[in-house]
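Asks: model this:
(one chain, ligands or ions: 1)
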Amino acid sequence: MPVPIIAANWKMTTTIKEAKALAGSIRSRLEKLKGIQILVFPPFPAIESVLSILSKSRIAIGAQNMYFSDRGPYTGEVSPEMVVELCKYVILGHSERRLLLNESDQEVALKIQAASKYKIKPILCIGETFQQKESDQAKQVIERQLYAGTEYLENPTDLMVAYEPIWAIGTGVAATPEEAQLNMEYIRACLEKRYGAESGRKIPLLYGGSVTKENVSRFIYQKDIDGTLIGQASVNPDSFVNIVTQAAKLV
Ligand code: PGA
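Replies: Below you'll find the model as predicted:
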């Protein structure tokens with residue numbers, strides 16, 4: 001089994017002070033754990049402090065978003081050139097940005113392209129709403145988001161894809177591992193079609209949406225699930241450490 005990836009999306013939930021405390025706590029408790037890849041995504045203002053706390057640890061850091069232009073008059077935006085000075089990972093196309101900030105497939109595609117230009121590894125997030133699931137459109141929606149988001153990405157070597165059903169995010173109602181596997185098997189097939197079987201097979205797929213220490217192993221155990229993207233349960237050091245510890249047991 002490949003080393004599972006556990007990614008922590010801290011969203012807009014920590015001040016710099018809280019982010020530092022969280023980073024310090026998880027570093028000291030996860031330092032010695034092997035057989036797991038850990039990524040944390042603090043809010044922008046906290047990245048530098050978290051970076052210094054986690055320096056020389058096995059925990060890597062990423063940004064929760066970035067703009068696609070190199071630089072220019074885009075008040076409030078952060079460019080890939082700025083992100084890459086700090087970290088090598090970025091979450092792109094999260095459903096909260098798509099829904100609350102009207103981020104379009106086209107913007108996500110440009111951001112994925114920019115990440116590739118700067119050798120930043122993107123986690124492309126895709127997933128259907130509850131209505132889309134109920135009307136049997138999940139596969140159609142995730143296929144559209146996947147192909148649109150990777151429209152300008154020729155080489156998928158650094159790409160990761162997170163399947164995050166919107167109805168499962170922050171609700172405490174996760175998809176069942178079997179249901180997630182079915183959709184992620186479909187994502188895998190789309191990636192193989194897009195990039196060829198060999199490259200498509202290697203792209204890590206993460207499940208996100210109400211992952212806890214109780215369900216993490218059952219997700220990672222599925223054939224097409226290589227890791228998880230965690231929101232709520234990742235900002236509590238105890239629950240995050242428990243999740244990572246459970247996942248590391250599977251290797
Ligand atoms: P959640 O969020 O774990 O709180 O459901 C997941 C995510 O939004 O990435």
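
Asks: at the contact with the ligand, which residues of the stretch 151-251 of the chain appear?
Replies: Neighbours of the ligand within the stretch 151-251 of the chain, by CB under 6 Å from any ligand atom: E164, I169, G170, G208, G209, S210, V211, L229, I230, G231, Q232, A233. (Glycine included, C-beta is placed from N, CA and C.)

Asks: report the buried residues of stretch 230-244.
Replies: 230-235, 237, 239-244 (16 or more other CB atoms under 10 Å).

Asks: what do you get for stretch 219-232?
Replies: Buried residues in stretch 219-232, counted by 16+ other CB under 10 Å: F219, I220, Q222, D224, I225, D226, G227, T228, L229, I230, G231, Q232.

Asks: can you pull the contacts of L250?
Replies: M1, P4, S217, I220, Y221 (CB atoms under 8 Å, 6 or more residues apart in numbering).

Asks: I38 belongs to a helix?
Replies: No - assessed with DSSP: H, G, I helix; E, B strand; the rest coil, I38 is strand; it does not lie in a helix.

Asks: per-residue pLDDT of the residue lying closest to it once chain neighbours are set aside, please?
Replies: Excluding the flanking residues, the one nearest I38 by CB to CB, 6 or more residues apart in numbering is I59, at 4.6 Å. We have a pLDDT of 97 for I59.

Asks: got it, and P2?
Replies: pLDDT, read off for P2, is 83.

Asks: tell me the SS of it?
Replies: Going by three-state DSSP: P2 is coil.

Asks: and for it, the neighbour number?
Replies: Look at P2: counted by other CB atoms under 10 Å, it has 11 neighbours.

Asks: ok, it touching D226?
Replies: Yes - using CB atoms under 8 Å, P2 makes contact with D226 at a distance of 6.2 Å.

Asks: counting neighbours, which bits of the lengthiest helix in the chain end up buried?
Replies: Using DSSP state H, we find that the single longest helix of the chain is helix 177-195. Using 16+ other CB under 10 Å as the test for burial, helix 177-195 gives P177, A180, Q181, N183, M184, Y186, I187, R188, C190, L191, R194, Y195.

Asks: please list the residues of the stretch 1-150 of the chain that sit near the ligand.
Replies: The stretch 1-150 of the chain comes close to the ligand at residues N9, as judged by CB under 6 Å from any ligand atom.

Asks: can you pull out the strands in the stretch 1-150 of the chain?
Replies: 5-9, 37-41, 59-63, 89-92, 121-126 (DSSP state E, counting those that start in this stretch).

Asks: any idea how far the last one is from the middle of the chain?
Replies: Here the centre of strand 121-126 is set off from its chain's centre by 6 Å, with CA atoms, centre = their mean, to the nearest Å.
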